[in-house]
Each structure stands twice: as C-alpha cells, then as structure tokens.
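J.: Prediction below, plus the sequence it came from.
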Amino acid sequence: MDSRYDGLQKIIDEALSAMAAEAGPGFLPEKANLAEFCRRTGLTRSKARMLRKKGFHAGPHGNAGRKAETTVLTGYTGVVDGQLRKGVTNSQTIFDLLKGQGYAGGITSVKDCIAAHRPLVPAPRRQADSRGPRGRRYHTEPGEAYQMDWGFANAEAADGTVSRIALP
C-alpha cells in the first residue's frame, strides 16, 4: 500500500479493533455503528460509509497519479522555459507575462511548471574580486637559502615512558 494511506489504515484498524473488543465475540465491522466509528477516527460520515462499502480498506483516490496530456498551460510552456533560461524565476512575473498572452489558468499551475523545469535556470554568476596574485615567492640572495628536513622518532624517558618527538 502507498505509505500516504498507511496512517489512515492504521487509525481505521485500531478503531475497529477497539470497537470489537468492547462489543465482544460476534462483532461484524460492516454492522458497526458509524457514528461511533466517526467519533473514534475523526472521519466524516460520508467517508465512513465509503470505507464500509470498501470493507474498511483505505486506498488512494481513483485518479491518483494521473496527469492530463493537455492542460491550460500546455501552449505556454515554451514561454515559461524561455523566461527560466533568462534567469527569471519569479512566478508572479511569469504569470503576468502569460496573462498578457492570453493564458486563462491560475498561478499555481505556473508555480508547478517552474518547479518542474527548475534545471533550466542558469547558475548564478558572480565576478571574483581582483586581489592580485595568490602566491608569494620567497626570494633569497645567493648563499642565504638552505633546506631543512624534519623527522620523527620515539624517545624513551628515564621513567620508561615513550614519547614521539620531532628532529631536524
């Protein structure tokens, strides 16, 4: 089952089991008192009737997951995509532009379209501040430069403890 409906099914099952425990043996869910069921679950009476008709099984709506092939926004997605490619992401601005071109839908459809086509928006570009060269070269006179290497060794103290020390 879809995880969105698992919580509702759990509420239904708990209410029916509590009602069955109170009623004793011979409890039939399809004969349960709908008013009591609604009080325990918080569901409306019409929803409870529908659930009883389905055997108290909560499932998704019949049209869940479907999308229409053509919508009010179908002819205007090119305009939305063009604005997104320019970096315009304000839904009200795009909505006003579409309204001027005859769009009859609502702003929520425009917001959903913007969210679906978000990858078309170019990454924000910022110019880095000029700070000169990042590295500085250390210059020495001839004969003044030397190189030192470091190593590590274990040193044992008089009391027997061992420490790690750095040596040039």
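T.: On my side now, so go ahead.

J.: Which residue lies nearest the spatial centre of this protein?
T.: A centroid search over the chain (CA atoms, centre = their mean) returns Ala115, at 12.1 Å, as the residue closest to the centre.

J.: Check for me that that one belongs to a strand.
T.: No: applying DSSP: H, G, I helix; E, B strand; the rest coil, one finds Ala115 to be helix, outside a strand.

J.: Quickly note the distance from it to Leu84.
T.: With distances taken as CB to CB, to the nearest Å, Ala115 is found 11 Å from Leu84. Any C-beta I mention is one placed from the backbone N, CA and C, and that applies to glycine too.

J.: What are the buried residues along the lengthiest helix in the chain?
T.: In the chain, assigned by DSSP state H, the helix with the most residues is helix 3-23. Going by neighbour count (16 or more other CB atoms under 10 Å), the buried part of helix 3-23 is Tyr5, Leu8, Gln9, Ile12, Ala15, Leu16, Met19.

J.: Where does pLDDT dip in the chain?
T.: 1-5, 134-135, 146-147 (pLDDT under 70).

J.: Show me the domain layout of it.
T.: 3-53, 74-120 (automatic domain parsing).

J.: now these in a markdown table, with distance to Gly132?
T.: Below are the domains of the chain laid out as a markdown table (distance: least, CB to CB, whole Å):
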| stretch | distance to Gly132 |
| --- | --- |
| domain 3-53 | 57 |
| domain 74-120 | 31 |
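
J.: Just the CA atoms of stretch 88-97, as PDB, please.
T.: Output in PDB follows, covering the C-alpha atoms of stretch 88-97 (Å, rounded to 0.1, in the frame of the first residue of the first chain):
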ATOM      1  CA  VAL A  88      13.600  34.800 -14.400                       C
ATOM      2  CA  THR A  89      12.200  32.600 -11.600                       C
ATOM      3  CA  ASN A  90       9.500  34.900 -10.100                       C
ATOM      4  CA  SER A  91       6.200  33.100 -10.600                       C
ATOM      5  CA  GLN A  92       4.200  36.300 -10.500                       C
ATOM      6  CA  THR A  93       6.300  37.900 -13.200                       C
ATOM      7  CA  ILE A  94       5.900  34.900 -15.500                       C
ATOM      8  CA  PHE A  95       2.200  34.700 -14.700                       C
ATOM      9  CA  ASP A  96       1.700  38.300 -15.600                       C
ATOM     10  CA  LEU A  97       3.600  37.800 -18.900                       C
END
